[in-house]
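Student: The following block contains a protein sequence and its predicted model.
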Amino acid sequence: MRSRARCACYLSQQFDFSDLVVFHFVRSFAQNPLRVSNTPLNTRTLTTEWLAAAALLVGTALVVVWQNAHVAVLWDLSYTLDNSYRIALGQIPYRDFPFAHPPLTFLVQAAIIKLSGRVFWHHVAYCASVGGTGTFLTWRILRRILAGTKNRKSIALLLSLPLVPLGIYSVFPHPFYDPDCSLAILFSLVLLLHIDRKPSGMVLPIIAGVSFVLPLFVKQNTGLAFLSAASLSIIVLIVWQLMRREPVRPFLITLLSAGTALAIAIVLIHRIAGLGNYWQWTIRFAAERRTPARGEMLGIYADKMILVWLAFIVAGIVLFWLNRNRNKLLLILTATLVSVPFIWPAIYLLRDSDSSERADRLINIWPVLLIVCFISALVNIRRRKGISQLLPFVVIAAIHGCFMSQQLWGSTYAIWPLLMILVAMTLADLATSTREVNWLPLAFTTAIAFSLTIAGAFYVRSHERLSYANLDDGELQRATLPQLKGLSTRGDWIPNFEELVRYSDTNIPPDAGILLLPGEDAFYYATGRKPQFPVLLFDHTVNPYSPEQIRQICRERNITWLIVKQDLQNEEDAVDAEKDRITTALEDDFEQVESLRNYDIYRRIDPNAKKDSDDDDDDDKP
């Protein structure tokens, strides 16, 4: 105490008051550098960064709104809206009707319908807000991953830029389970990256554990892969931390919370819908109709161009290793070689105007990046700490789980944020290895970001991922019915459907049982009628019934009206063929009573009248 007093007396004699303030500030900074973050310069930088992130959020949301202003994929949209509406009416999926998907996306849309009514633009607002949120969460994850990296703020923002055209709801702009599952995973990753920051904390690990389970009840294949990989990673970390005699409390709490949340979810499902029913439709049936062969899953890595792109990357790495003097020209050549696979999709835009070929070049980035990121994660696993050691493998597992539904071409449209996260992890490893050339990661990031942004914008504009639907023929038409406000697309699909809605309101009793083939339009959502047939969309992946079974169910449930759509927006031949098979099976039970512009209306033949007609025919026989 005496020595401290003497020191203070000496300082008061040697320095004036302002000098003492500076001395205290320097000492405080030495003890905790984070306390200086409120300086004017840092405050301006932080404000600029957050404004840029907000601009990315708003930009992504505007892309979703713009997409909905001229695109309506009726096939998928009707599946979500009609099934959400029947849930809002009180019908229980898995118990009351077969349902091949987990419930969360449809429960959210049902809640929107319950709270705000049947108004389509409300669902557009949901997609826009979720799309923007996905981009924002990705930016936060990138910023956390790149902690300690030179120019991390710029790199995080640049890597988020491609998500404006390639956000979770930018490619397919209607409410759907794939984008919602991506949002759930992003939310979980944000929490996961913070659970070991405060070893004594309890609330955050509990929430993180619960978040592990959410994706499983949005989309089963992606969610199961994520839950399994995340849980296994936590177990491995617990063992590793115990071996090093380091704290394991947050990881144990997270694992216990995930197990508890899963158990509660299983009990709720069993009480509400029946666990056997849920297992039958979301696991057995979905796997039977969707699971690809092993060759199809591995086929994404069979493209010979992957070897070419990997050769460019290896050449760049070798050149960097040999360039011991860090010659600037050789470093530029290194950055160019490594960037070639990622800037090729943008360069290809100048070479070929075919939208399908352009999309192929963009999508084919995935296998190359997955291989590179996997190898980088293995090589640098000891350099990372905590959950970051195994996070790349969790993300890679979730991506491959997503591929199980529609492989590379069909499954990537809503998981581009996961790819950007893998790129950030690899760049963080690169920055660790190139500290003496700190501009290299930023240059590489700039090349990737602008290439993917440009190529992604053309990809979204061409609607190549939505090529199964006819979105380009005809004039742009907008819905006039209040419940469909905000629905727009090219062609006569909307006016023809509104004609059907007006006809049914006038000529079909409100409580009549109706079967629509093949279910391409959100009829029940638009009319407010109660669905009485178990299946609303007649697609191989969601319809478990044969034409003969459909005929029998129509008889049992007193389906008295049949509406058959003639010209379909969905251009897949299998859908048209299935519609014709079902129509043929039902033609003896129904007779046509009206023909609208694109719909044939049938009414069930009165069995008694049919019997009398058959008797008359017998009497006429000689």
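Tutor: Looks like it came in fine. Remember, predicted model here, so these are calculated numbers, not experimental data. Numbers count the residues shown, from 1 in each chain.

Student: The closest residue to S170 other than its chain neighbours sits in which helix or strand?
Tutor: Take S170 and drop its neighbours on the chain: the residue closest to it by Cβ to Cβ, 6 or more residues apart in numbering is V63, 4.8 Å away. Using the backbone N, CA and C atoms, a C-beta is placed for each residue, glycine as well. Following DSSP states H and E, one finds V63 within helix 40-68.

Student: Now the element after that helix, going C-ward?
Tutor: Helix 40-68 is succeeded, C-terminally, by helix 74-88 (DSSP H and E).

Student: same for that following helix, what does it pack against?
Tutor: When contacts are defined as 3 or more Cβ pairs under 8 Å, 6 or more residues apart in numbering; DSSP states H and E, helix 74-88 packs onto helix 104-116, helix 523-527.

Student: Quick one: closest of those to I264.
Tutor: With Cβ to Cβ, the closest approach to I264 among the helices and strands packed on helix 74-88 belongs to helix 104-116: 14.4 Å.

Student: ok and the helix or strand just after that closest one relative to helix 104-116, angle-wise?
Tutor: Per DSSP H and E, helix 104-116 leads on to helix 120-145 as the next helix or strand towards the C-terminus. If you take axes from the mean of the first three to the mean of the last three Cα atoms, to 10 degrees, helix 120-145 sits at 130 degrees to helix 104-116.

Student: So which bits of the host helix or strand of R361 are buried?
Tutor: Per DSSP H and E: R361 is located in helix 355-363. Applying a neighbour-count criterion of 16 or more other Cβ atoms under 10 Å, one finds 358-363 buried in helix 355-363.

Student: same thing with stretch 480-492?
Tutor: 481, 483-484, 486-492.

Student: Do me a favour and average the pLDDT over stretch 595-613.
Tutor: If you average the pLDDT over stretch 595-613, you get 82.

Student: On the three-state scheme, the spatially most central residue of the chain is what?
Tutor: Central residue of the chain (Cα atoms, centre = their mean): P179, 2.4 Å from the mean position. For P179, the assignment made with DSSP: H, G, I helix; E, B strand; the rest coil gives helix.

Student: wait, what's in contact with R581?
Tutor: Neighbouring residues of R581 by Cβ atoms under 8 Å, 6 or more residues apart in numbering: P547.

Student: hmm, back to that, contact partners of the helix holding R361?
Tutor: Helix 355-363 has contacts (Cβ under 8 Å, 6+ apart) with 344-345, 348-349, 352, 408-409, 412, 452, 455-456, 458-459, 462, 464-465, 467.

Student: Now, the residues you listed that are in helices?
Tutor: The helices, defined by DSSP state H, take in 344-345, 348-349, 408-409, 452, 455-456, 458-459, 462 from the contacts of helix 355-363.

Student: which one of these is nearest F374?
Tutor: Taking Cβ to Cβ as the measure, F374 sits nearest to L408 out of the ones in helices among the contacts of helix 355-363, at 15.8 Å.

Student: measure the closest residue to that closest one other than its chain neighbours to R490 for me?
Tutor: Excluding the flanking residues, the one nearest L408 by Cβ to Cβ, 6+ apart is I300, at 4.4 Å. To R490, I300 is 32 Å away according to Cβ to Cβ, to the nearest Å.

Student: same deal with V575?
Tutor: For V575, the distance to R490 - Cβ to Cβ - is 20 Å.

Student: swap in N323?
Tutor: Distance of N323 to R490, computed by Cβ to Cβ: 54 Å.

Student: go on, A447?
Tutor: Relative to R490, and taking Cβ to Cβ, A447 is found at 36 Å.

Student: and if you look at L183?
Tutor: In this view, L183 and R490 are 29 Å apart by Cβ to Cβ.

Student: Same question for D589.
Tutor: D589 is 36 Å from R490, by Cβ to Cβ.

Student: Then Q477?
Tutor: 7 Å.

Student: shared neighbours, the two?
Tutor: In contact with both Q477 and R490: no residue, using Cβ under 8 Å, 6+ apart.

Student: Quick check: which ranges of the stretch 351-500 of the chain have low pLDDT?
Tutor: 434-437 (pLDDT under 70).

Student: 90 - rerun?
Tutor: Applying pLDDT under 90 to the stretch 351-500 of the chain flags residues 351-361, 379-389, 404-411, 427-444.

Student: As a check, name the ranges of all helices in it.
Tutor: 355-363, 365-379, 391-411, 416-433, 439-462, 493-507 (DSSP state H, counting those that start in this stretch).

Student: would CSV of these with distance to P531 be doable?
Tutor: Output for the helices of the stretch 351-500 of the chain, formatted as CSV (distance: least, Cβ to Cβ, whole Å):
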stretch, distance to P531
helix 355-363, 36
helix 365-379, 38
helix 391-411, 25
helix 416-433, 35
helix 439-462, 33
helix 493-507, 13
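
Student: looking at those helices, which is buried most?
Tutor: Each of those was scored by mean neighbour count; the highest is helix 416-433, a mean of 23, by mean count of other Cβ atoms under 10 Å.

Student: quick one: that one to helix 391-411, angle?
Tutor: Relative orientation of helix 416-433 and helix 391-411, computed by the same axes, to 10 degrees: 140 degrees.

Student: so what secondary structure elements neighbour helix 416-433?
Tutor: helix 120-145, helix 152-160, helix 163-166, helix 177-192, helix 365-379, helix 391-411, helix 439-462.

Student: cutoff 6 Å now
Tutor: If contacts are counted by 3 or more Cβ pairs under 6 Å, 6 or more residues apart in numbering; DSSP states H and E, helix 416-433 sits against helix 120-145, helix 365-379, helix 391-411, helix 439-462.

Student: closest to V171 out of those?
Tutor: V171 lies closest to helix 439-462 among the helices and strands packed on helix 416-433, at 5.8 Å (Cβ to Cβ).

Student: what sits up against that closest one?
Tutor: By Cβ atoms under 6 Å, 6 or more residues apart in numbering, the residues outside helix 439-462 that reach it are 151, 155, 158, 161-162, 165-166, 170-171, 335, 339, 342-343, 345-346, 349, 355, 358-359, 362, 427, 430-431, 434.
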